[in-house]
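Asker: Predicted coordinates and the sequence they were generated for:
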Amino acid sequence: MMLAISETGLWSNLRVRKSRARHRTMTCSNSSNEGNTELGSVLGGRLYLGMDFGTSGARFALIDKQGTTHAEGKRDYPLFMALSGPKLRISLTKLTESLEKSEETMDWARSWKSTLFSLLEDVPSHLREIVTSISIDGTSATTLIVDSNTGEPLWRPFLYNESCPEALPTVRSIAPENHTVCSGSSTLCKLVSWWEREDSQRKSALLMHQADWLLWLLHGKIGVSDYNNALKVGYDPELDAYPSWLLSQPYSQILPSVRPPGTSIGHVKEDIRSQFGFPEDCVVCAGTTDSIAAFLAARASQPGKAVTSLGSTLAIKLLSTTRVEDARFGVYSHRLDDKWLVGGASNTGGAVLRQIFTDEQLEKLSANINPMVPSPLDYYPLKTAGERFPVADPNMAPRLDPRPQSDVEFLHGIFESIARIEAKGYGLLKDLGATEVDEVFTAGGGAKNDKWTKIRERVLGLPVSCASQTEAAYGAALLALKGAQ
Ligand SMILES: Nc1ncnc2c1ncn2[C@@H]1O[C@H](COP(=O)(O)OP(=O)(O)O)[C@@H](O)[C@H]1O
Ligand SMILES: O=C(CO)[C@H](O)[C@H](O)COP(=O)(O)O
């Protein structure tokens, strides 16, 4: 039995394109998006819906064939606690303790499902009627083990940055040396960890990623993933198949099927279609991961161009003609059509900032930073112990001292230290043989901080600019557009 402690799905930043109003896409340069705003003039009369399920909240973007945004919105994840059985009569103290440990007892699947349907409600109903296709990106390696008959989770989800090092010896014994799955936070380590812990439910179990499961709620064809989300369970996007060393394992029976991102999986289920007023021909398309969606949104198409997602975490993606992977450093390559998105994801990033400063404080303090003067402070900003990239060390400790008296200096030191991690990441990709980076675009909440951008330009020694679009949801909408075509 589930007890919903509180539903805090806050409605924020819903920006609907008003007829005859000028619409402003969410860009760093605040360029406006000129054009006839009459609904009837929506190019081709059809719209494409992308949803991004990030670390701290979810967003949607609704675009037309030309890429013009017609509506966008955001929801924070509501807090559902998975309290069951006699604990229902727990004391307030126990409940408070549970809330404090909310990450362990949070009912994430219920929160994501609730957020999905809240976001669909937030899409203006008159626009929903002309939505042709939908796609979703989710945090990479966020893993659900569900009942293949009902889709109900059999276990709590393993989050993207969760590590299962106890499974590493088994995974290393079957995978090629330094393969992408040879990291404690890989999906395969999470699968092996569950498999070795649970034998009663193996027969009906099915592995799905966060984006796969949310898309399944819309199309109803269980067990379909994409080759970006499936990379970290061991899918080989070059072979376009699971490798034999994985298929020969007993748990390969619970792996999902895999499609290229953006390909149509099927029509929206009838109950969902009638509940939200989607047209009969509305299709649901295979998704991707959040940092790849952010890369797609930036529309960087030449090798050497890169996108740094400065969200709760720091994920870098470099477009390369060569594939590179080395789990010792948390480096792997995603396939993007005929090229490779080489990169990795660090646990440093905005989540550390959010532990210390509010967004308003970040704005105020940043105004007093001189980005051209290097900070002498040498931190390794992490929320908790454990790092994935450019060092794969599940025990790496956060380093955020000494803390200076001045919060401006403290924030400057954090920005500069994260910039150094970013620079180390790009340098590592070059050393491992990837195409050398020549320009970095930025996505995510940190993209709007001009002072941080200047610090990063100085530390990277490269031009750093704002992506024309900064939202992963926009990238997911481009996938939906691709799927419809
Ligand atoms: N002005 C700012 N300067 C730097 N970082 C910021 C600023 N405003 C918000 N952030 C950071 O952006 C992060 C949220 O970015 P977002 O892309 O929404 O994250 P995610 O989707 O990964 O949850 C927060 O952790 C916050 O600390
Ligand atoms: O940090 C993350 C969540 O925000 C993910 O790890 C990020 O998506 C990087 O993974 P991938 O490169 O597979 O997209």
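Answerer: Everything's here; your move. On a predicted model such as this, the values are computed, not experimentally measured, just so you know. Ligands and ions are numbered 1, 2, ... in the order given.
Asker: Can you name the residue of the stretch 101-250 of the chain nearest ligand 2?
Answerer: Closest contact between the stretch 101-250 of the chain and ligand 2, by Cβ to the nearest ligand atom, is at residue 140 (3.0 Å). In short, each C-beta sits where N, CA and C put it, glycine included.
Asker: So that residue is in contact with residue 343, correct?
Answerer: No - when contacts are counted by Cβ atoms under 8 Å, residue 140 is not listed as touching residue 343 (10.7 Å).
Asker: what do these two both touch?
Answerer: Shared contacts of residue 140 and residue 343 (Cβ atoms under 8 Å, 6 or more residues apart in numbering): residue 291.
Asker: Off-centre distance for the longest helix along the chain?
Answerer: Ranked by residue count, the top helix of the chain under DSSP state H comes out as helix 407-431. In terms of Cα atoms, centre = their mean, to the nearest Å, the centre of helix 407-431 is found 21 Å from the chain centre.
Asker: helix or strand right after that helix?
Answerer: Where DSSP states H and E defines the elements, the next helix or strand beyond helix 407-431 is strand 439-443.
Asker: Just list the residues touching residue 317, thanks.
Answerer: The neighbourhood of residue 317, defined by Cβ under 8 Å, 6+ apart, consists of 291-292, 294-295, 306-309, 334, 341-343.
Asker: how about the residues of the stretch 201-350 of the chain near ligand 1?
Answerer: Residues of the stretch 201-350 of the chain lying close to ligand 1 by Cβ under 6 Å from any ligand atom are 311-312, 350.
Asker: Could you list which of those residues belong to helices?
Answerer: Using DSSP H, those in helices are residue 350.
Asker: Out of the residues of the stretch 201-350 of the chain next to ligand 1, which are close to ligand 2?
Answerer: With Cβ under 6 Å from any ligand atom as the criterion, those include residue 311 near ligand 2.
Asker: By neighbours, which of the residues of the stretch 201-350 of the chain next to ligand 1 wins?
Answerer: Highest neighbour count within these, by other Cβ atoms under 10 Å: residue 312, with 26 neighbours.
Asker: pretty sure residue 77 contacts residue 57?
Answerer: Yes - at 6.1 Å, residue 77 counts as touching residue 57 under the criterion of Cβ under 8 Å.
Asker: joint contacts of those two?
Answerer: residue 115.
Asker: Neighbour count: those two, which is higher?
Answerer: Comparing residue 77 with residue 57 by other Cβ under 10 Å, the one with more neighbours is residue 77, at 22 against 17.
Asker: mind listing what that one touches?
Answerer: Here residue 77 is in contact with 9, 56-58, 108, 111-112, 115 (criterion: Cβ under 8 Å, 6+ apart).
Asker: Which members of those additionally contact ligand 1?
Answerer: Checking these against ligand 1 by Cβ under 6 Å from any ligand atom, the ones in range are 56-57.
Asker: Now, the contacts of residue 77 that are in helices?
Answerer: The members of the contacts of residue 77 that map onto helices under DSSP H are 108, 111-112, 115.
Asker: just the strands in the stretch 251-400 of the chain please.
Answerer: 257-259, 264-267, 283-285, 288-289, 305-310, 314-320, 332-336, 339-346 (DSSP state E, counting those that start in this stretch).
Asker: which residues are in contact with the third one?
Answerer: If I follow you right, that is strand 283-285. Outside strand 283-285, the residues touching it (Cβ under 8 Å, 6+ apart) are 132-135, 215, 218-219, 261-268, 479-480, 482-484.
Asker: Tell me how far that strand lies from the chain's centre.
Answerer: The answer for strand 283-285 is 19 Å, by Cα atoms, centre = their mean.
Asker: now it: mean pLDDT?
Answerer: For strand 283-285, mean pLDDT rounds to 98.
Asker: What is the end-to-end distance of stretch 423-442?
Answerer: With Cα to Cα, to the nearest Å as the measure, the first residue of stretch 423-442 is 14 Å from its last.
Asker: just to revisit the earlier point, helices or strands next to the longest helix of the chain in the packing?
Answerer: If you count contacts as 3 or more Cβ pairs under 8 Å, 6 or more residues apart in numbering; DSSP states H and E, helix 407-431 packs onto strand 305-310, strand 314-320, strand 339-346, helix 350-356, helix 359-367, helix 450-460.
Asker: related to what we said a few turns ago, possible to save the strands of the stretch 251-400 of the chain as a markdown table with distance to ligand 2?
Answerer: Output for the strands of the stretch 251-400 of the chain, formatted as a markdown table (distance: least, Cβ to the nearest ligand atom, whole Å):
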| stretch | distance to ligand 2 |
| --- | --- |
| strand 257-259 | 14 |
| strand 264-267 | 20 |
| strand 283-285 | 18 |
| strand 288-289 | 3 |
| strand 305-310 | 7 |
| strand 314-320 | 4 |
| strand 332-336 | 6 |
| strand 339-346 | 3 |
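Asker: which stretches of the stretch 101-250 of the chain form strands?
Answerer: 131-138, 143-147, 205-209, 224-226.
Asker: so which of those strands is the most packed in?
Answerer: For the strands of the stretch 101-250 of the chain, the largest average neighbour count (mean count of other Cβ atoms under 10 Å) is found in strand 131-138, namely a mean of 29.
Asker: Look up how far residue 447 lies from residue 294.
Answerer: Residue 294 sits at a distance of 9 Å from residue 447 (criterion: Cβ to Cβ, to the nearest Å).
Asker: Tell me which of the two has more neighbours.
Answerer: Shown here are residue 294 and residue 447; by other Cβ under 10 Å, residue 294 has more neighbours (34 against 27).
Asker: if I pick the residue of the stretch 151-300 of the chain found nearest ligand 1, what's in contact with it?
Answerer: Residue nearest to ligand 1 within the stretch 151-300 of the chain: residue 290 (6.7 Å; Cβ to the nearest ligand atom). By Cβ under 8 Å, 6+ apart, the contact set of residue 290 is 52-55, 137-140, 309, 311, 315, 472.
Asker: pLDDT score assigned to residue 85?
Answerer: Listed pLDDT for residue 85 reads 44.
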